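**Q** Let me see the structure of the following:
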Amino acid sequence: MKRRKFITTCGLSTLAAQIPLVQAQGKLSPSTILKPRRLQPGDTVGLVSPAGVIDAEDLANAQRSLTQLGLKIKLGNHLLDRYGYLAGTDANRAQDVNMMFADNSVTAILTMRGGWGCNRILPLLNYAQIRSHPKIIMGFSDITALVLAIYARSRVITFHGANATSTWNDFTTNYAKRILFDGEAVTMQNLQTEDVQFETISSGKATGKLIGGNLSVLAAMVGSPYLPAWYKNILFVEDVREDVYRIDRMLTQLKNAGILNQIAGFIFGRCTDCSIGDEPSFKLTQVLRDHLIPLKIPAWYGSMIGHIKDKFTLPIGLNVEIDADAGTIKMLESAVY
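**A** Numbering: from 1, shown residues only. Predicted coordinates for the structure are as follows:
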């Protein structure tokens, strides 16, 4: 009983999990999760570089892709800055994010690329201001830190999906349009012709809020005040260019931090260019089975999430239903209003 009481107490920060997602006028509870406004053709999207450096060619490619979506573009003041391997100083990168949220002419914010750097600016973001101006913000890879922190601290739905410099092909664009423009409650399912095999780790269905991102970035955030609550939620992860033993190490960190034993379901997207290394090793799916089967929760590998051309748009903090046998992620409501 004491242990159950302790878990319940620790879960008080997840009150929003028991509150329906609403977008209403007037005074809102601080724990109420807010949805951003949907995009429409002609809206202005702000571009920011909160992590690694970009160049003029990257910017031109991003502008071309977003213009084809019928969007106008506003550039962050420090978009092309360079500070070592970072796109400007921490203060300036954070300032661009804060200013885009405060700017009433900007409907949504897209990050240019990942790399490294978002964790460094998390203490500099104005989370109260972000909550008072909820907007779509989307990216992946290192942007995991940004979208998780904004969801956790501002209680605003964010999105794990294409960066501005990603490949905006038909698949990726279709999901972004249906979810961010049309406000559909989409069921995400792999292409039937996809060459990477889907594999069920543990059968079953589960519901909960969808939370996750790049595993390396997420693991680096453990112990910080910028992660959301995990209790009865759905964790998704992906990674790139990591040896299997490192994936094992990071999952072990999540396990020892008490995260894995709280979740209701698990999705591993893709581990792109991940290897088993030269030493005797396990296959990645063997490592996943070791960690996940004892949890007795629905889990699978191979969802179209991560450093791949065809990407889902995943709403962070939205209620979903997952099916580990079919490999589907079903949104239970719209992620925008």
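
**Q** Enumerate the strands of the stretch 51-200 of the chain by residue range, in sequence order.
**A** 72-75, 108-111, 136-139, 158-160, 187-188, 199-202 (DSSP state E, counting those that start in this stretch).

**Q** list the buried ones in the third one?
**A** Neighbour counts using 16 or more other CB atoms under 10 Å place 136-139 of strand 136-139 among the buried residues. Just so you know, the C-beta spots here come from the backbone N, C-alpha and C atoms, and that holds for glycine as well.

**Q** May I see the residues you listed arranged in CSV, with distance to Lys232 and pLDDT as well?
**A** Below are the buried residues of strand 136-139 laid out as CSV (distance: CB to CB, whole Å; pLDDT from 0 to 100):
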residue, distance to Lys232, pLDDT
Ile136, 26, 98
Ile137, 25, 98
Met138, 25, 98
Gly139, 26, 98
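
**Q** Looking at those, which is nearest Val156?
**A** The shortest approach to Val156 among the buried residues of strand 136-139 belongs to Ile137, at 8.2 Å (CB to CB).

**Q** Isn't the closest one up against Thr107?
**A** No. Here Ile137 lies out of contact with Thr107, judged by CB atoms under 8 Å, at a distance of 11.0 Å.

**Q** what's the closest non-adjacent residue to Asp41?
**A** Let me fix one detail, which is that residue 41 is Pro and not Asp. What sits nearest to Pro41 in space, not counting adjacent residues and going by CB to CB, 6 or more residues apart in numbering, is Gly70, at 3.5 Å.

**Q** Just list the residues touching Gly306, thanks.
**A** By CB atoms under 8 Å, 6 or more residues apart in numbering, the residues touching Gly306 are 140, 214, 238-240, 269-272.

**Q** How much space separates it from Gly76?
**A** Per CB to CB, to the nearest Å, Gly306 is found 25 Å from Gly76.

**Q** Report whether Asn321 is found in a strand, as I expect.
**A** Slight slip there: residue 321 is Glu, not Asn. Yes. Counting by DSSP: H, G, I helix; E, B strand; the rest coil, Glu321 is found in a strand.

**Q** 68 is where my numbering starts, stick with that
**A** Happy to do that; since the first residue is 68 now, the last one works out to Glu388.

**Q** Okay, and the beta partners of the most centrally placed residue in the chain?
**A** In the chain, the centroid-proximal residue (CA atoms, centre = their mean) is His227; its distance is 3.2 Å. Counting by DSSP bridges, His227 is bridged to Gly206, Leu381.

**Q** can you tell me how far it sits from Lys378?
**A** Applying CB to CB to His227 and Lys378 gives a distance of 9 Å.

**Q** Touching both of those two, which residues are there?
**A** 207, 372.

**Q** about what we covered before: residues touching the residue nearest to the centre of the chain, list them.
**A** 205-207, 210-211, 214, 279-280, 303, 372, 380-381, 383.

**Q** What pLDDT is listed against it?
**A** At His227, the pLDDT value in this model is 98.

**Q** And it, how far from Leu321?
**A** 17 Å.

**Q** cool, and Tyr150?
**A** Applying CB to CB to Tyr150 and Leu321 gives a distance of 31 Å.

**Q** Have a look at these two and say which one is more surrounded.
**A** Using other CB atoms under 10 Å as the criterion, Tyr150 and Leu321 rank with Leu321 on top: 21 against 14.

**Q** For the more buried one, give me its contacts.
**A** Per CB under 8 Å, 6+ apart, neighbours of Leu321: 285-286, 289, 327.

**Q** buried residues in the helix or strand hosting it?
**A** For Leu321, the enclosing helix or strand under DSSP states H and E is helix 311-323. Neighbour-count burial for helix 311-323 flags 311, 313-315, 317-318, 320-321 (criterion: 16+ other CB under 10 Å).

**Q** cool, and stretch 396-404?
**A** Buried residues in stretch 396-404, counted by 16+ other CB under 10 Å: 396-398, 401-403.

**Q** how near is the spatially closest residue to Asn386 that is not a sequence neighbour to Pro382?
**A** Counting by CB to CB, 6+ apart, Asn386 lies nearest to Leu399, which is 4.5 Å off, once chain neighbours are set aside. For Leu399, the distance to Pro382 (CB to CB) stands at 10 Å.

**Q** likewise Leu138?
**A** Counting by CB to CB - Leu138 and Pro382 are separated by 19 Å.

**Q** quick one: which of the two has more around it?
**A** Taking other CB under 10 Å, Leu138 and Pro382 do not tie; Pro382 has more neighbours (32 against 20).

**Q** pretty sure that one contacts Arg245?
**A** No. Counting by CB under 8 Å, Pro382 stays clear of Arg245, with 11.7 Å between them.
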